[in-house]
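> Sequence first, predicted coordinates after that:
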Amino acid sequence: MRSPLSSIAILGIIGLLTGCDSPLDPDAPLDVRVTPAVVSVGARDSVQLEAVVLNVAGGPNFGARFDWSSSDPQVAAVDPTGLVTGIQPGDVEIQAEHEGKVGRASLTVQPRGYVSFAASGFHTCALTFSSEAYCWGSNSSGKMGNGSSVGVRPVPEAVVGELRFESIMAGRHHTCALTSEGAAHCWGFNRDGQLGVGDTLARTVPTEVAGGLSFSDLSGGSWHTCGLTVEGRVYCWGQNASSQLGLGEGLHGSAQLAPATVATEVRFASIDAGHDTTCGLTAEGVGYCWGRGALGAEGDSLDGDAWISYTPVEIPGVRLSEIRPGGYVRSLEDPPVASFACGLGVGGALYCWQSSDWAGVGVEPVVIAPGPFEAASLFGERVCTLDGTGEVECRSPLAWSQPDLPAGELRFVTLGVGLDHVCGAVENGLAYCWGLSEHGQLGDGVRVHLEPMPPVQVIEPE
């Protein structure tokens, strides 16, 4: 019987005689790898794929040429360099072939639409499936990020630059967004240092936050911003008149122009900044808040109807999956302005609490609606919830039992709440906004809607 070594030797001699690669040829192609192997791209957007030949020796063969192809060119096309362009929504396989060896990548083409929203009092921003940022509405102080600082834009405009973002937030007159690498970039109004760039000059384009920190979460209040690191530490910057930065009594009232560490040993899994309050949740669902009306119960000092907490205080009696602080009511006569916060319990019920005992809700969390809800969003006088069917309900502490700003029969997958308007996306990426608009913040091309509008479709990104 011939030994395995003899067989290999004979095959090697045959390879030499025939001029073919033998099994012992270290440069013989063994496999083709395509990266990334799984990828998504938006319709009309492109993504670059890379292919490499792995040889028998386990290393790459540099300079190899590939024949690229798409399993469905009507969904996605690929050029000779591996650049893939999405055509229409669907799933395809992209192949790279070299000398009979084939590498594959699975690619999903997403609709050319929006996946997340950030709304405020005067402008709205959103991210597309391809992580591009678009904004519309008031552009005072450059909060749209389009390189200018004037005018009203009732049509979505792309934020300038080549950056791609994982999340986006809107403060009262500023905007911030987070890249996949955890870098925070901000633009817009900066009187109180809410951009975190080390000065108080407004920016009309995305500018990286000072300090070189890497964040996993980012949230903005009216005049301040906070970021959460992967280690669970919270940093805040901007206005601190109500101790919404959580820096302790010694720095109460002192604005911060760059990220400063919140004075606590608690480690958080998520954060949310409101008007003049900030809250965080631990991995166990324990909520903590700091700032004005953080809990409603006794704090460190009294400011009108609300206590101020200089550092994080625990929310008692309930475990939460989401927390949304910093709501406020403009039209109550007594007190003239009151604060409230809401959150979702681990079972999906909507809890809310207030800075003082008014409107039938106390200073500790009580159930406003049993749900179950999957998400909640709050800004100004309104909190909106999203249930498992995509139905949206919005409520105000002026009348908790009477939902307002109805969304009609539309069903949504994402939601963003502004002062007088709401925006959301349906499953195919189409976006709708509804409510009032004095600055084009509905994104339908119309600057002013003085009467509350039913959902109108946001103009699609270019």
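Cool, the structure landed.
> Tell me how many other residues crowd residue 61.
Applying other Cβ atoms under 10 Å, we find 17 residues neighbouring residue 61. Any C-beta I mention is one placed from the backbone N, CA and C, and that applies to glycine too.
> Can you tell me the closest non-neighbouring residue to the residue nearest the centre of the chain?
Nearest to the mean C-alpha position of the chain, by Cα atoms, centre = their mean, lies residue 167 at 2.2 Å. Of all residues not flanking residue 167 in the chain, residue 178 sits nearest, at 4.8 Å (Cβ to Cβ, 6 or more residues apart in numbering).
> show me the contacts for the one you found.
With contact taken as Cβ atoms under 8 Å, 6 or more residues apart in numbering, residue 178 is in contact with 165, 166, 167, 168, 184, 185, 215, 217, 218, 227.
> again, only this time at 7 Å
By Cβ atoms under 7 Å, 6 or more residues apart in numbering, the contact list for residue 178 reads 165, 166, 167, 184, 215, 218.
> Surely the second one and residue 182 touch.
No. Under the criterion of Cβ atoms under 7 Å, residue 166 makes no contact with residue 182, lying 8.7 Å away.
> what are the ranges of the strands in the stretch 51-200 of the chain?
Assigned by DSSP state E, counting those that start in this stretch, the strands in the stretch 51-200 of the chain fall at 60-61, 67-70, 76-78, 83-86, 90-98, 101-110, 114-119, 123-128, 133-138, 152-158, 167-170, 174-178, 184-188.
> List the buried residues for the fourth one?
Meaning strand 83-86. Within strand 83-86, the residues that count as buried by 16 or more other Cβ atoms under 10 Å are 84, 85, 86.
> Pull the number of nearby residues for the residue nearest to the last one when sequence neighbours are not counted.
For residue 86, the nearest residue in space outside its immediate sequence neighbours is residue 109; the separation is 3.8 Å by Cβ to Cβ, 6+ apart. One way to gauge burial is a neighbour count; for residue 109, by other Cβ under 10 Å, it gives 24.
> measure residue 442 to residue 122 for me?
Going from residue 442 to residue 122 by Cβ to Cβ, to the nearest Å gives 12 Å.
> Looking at the two, which is more packed in?
Using other Cβ under 10 Å, the more surrounded residue of residue 442 and residue 122 is residue 442, with 30 against 22.
> Identify the residue spatially nearest to that one, adjacent ones excluded.
Nearest to residue 442 is residue 433, by Cβ to Cβ, 6+ apart, at 4.1 Å.
> Would you mind listing where the stretch 351-462 of the chain has pLDDT under the threshold?
Scanning the stretch 351-462 of the chain for pLDDT under 70 picks out 355-362, 398.
> ok, which stretches of it are helices?
Taking DSSP state H, counting those that start in this stretch, the stretch 351-462 of the chain contains no helices at all.
> ok, what's across the strand from residue 177?
Beta bridges link residue 177 to residue 168, residue 185 when assigned by DSSP bridges.
> List the residues that contact it.
Contact partners of residue 177, counting by Cβ under 7 Å, 6+ apart, are 133, 165, 167, 168, 185, 206.
> Would you point out the most distant pair within those?
Within these, two members stand farthest from each other by Cβ to Cβ: 167 and 206, at 13.4 Å.
> is it true that residue 173 touches residue 144?
No. The pair residue 173 / residue 144 is not scored as a contact, 10.8 Å apart, by Cβ under 7 Å.
> still on that earlier bit, in JSON lines, list the buried residues of strand 83-86 along with pLDDT and distance to residue 328.
Compiled in JSON lines, those are given as follows (pLDDT from 0 to 100; distance: Cβ to Cβ, whole Å):
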{"residue": "84", "pLDDT": "96", "distance to residue 328": "47"}
{"residue": "85", "pLDDT": "94", "distance to residue 328": "47"}
{"residue": "86", "pLDDT": "92", "distance to residue 328": "43"}
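> Dump those into CSV; add distance to residue 392 as well.
Formatted as CSV, the buried residues of strand 83-86 follow (distance: Cβ to Cβ, whole Å):
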residue, distance to residue 392
84, 35
85, 34
86, 29
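> one step back: distance of the residue nearest to residue 442 from residue 122?
Residue 433 is 13 Å from residue 122, by Cβ to Cβ.
> returning to that earlier point: return the closest of the contacts of residue 178 with respect to residue 116.
Distances from residue 116 to these, taken as Cβ to Cβ, are shortest for residue 167 (6.8 Å).
> could you give the mean pLDDT of whichever strand or helix holds residue 30?
Following DSSP states H and E, one finds residue 30 within strand 29-35. Averaged across strand 29-35, pLDDT comes to 87.
> residues contacting the residue lying closest to residue 421 once chain neighbours are set aside?
Using Cβ to Cβ, 6+ apart and skipping the chain neighbours, the partner closest in space to residue 421 is residue 435 (3.4 Å). Contact analysis of residue 435 by Cβ under 7 Å, 6+ apart lists 405, 420, 421, 422, 452, 453.
> Against residue 394, how distant is the fourth one?
If I follow you right, that is residue 422. According to Cβ to Cβ, residue 422 stands 6 Å off from residue 394.
> More neighbours: those two, which one.
residue 422 (27 against 21).
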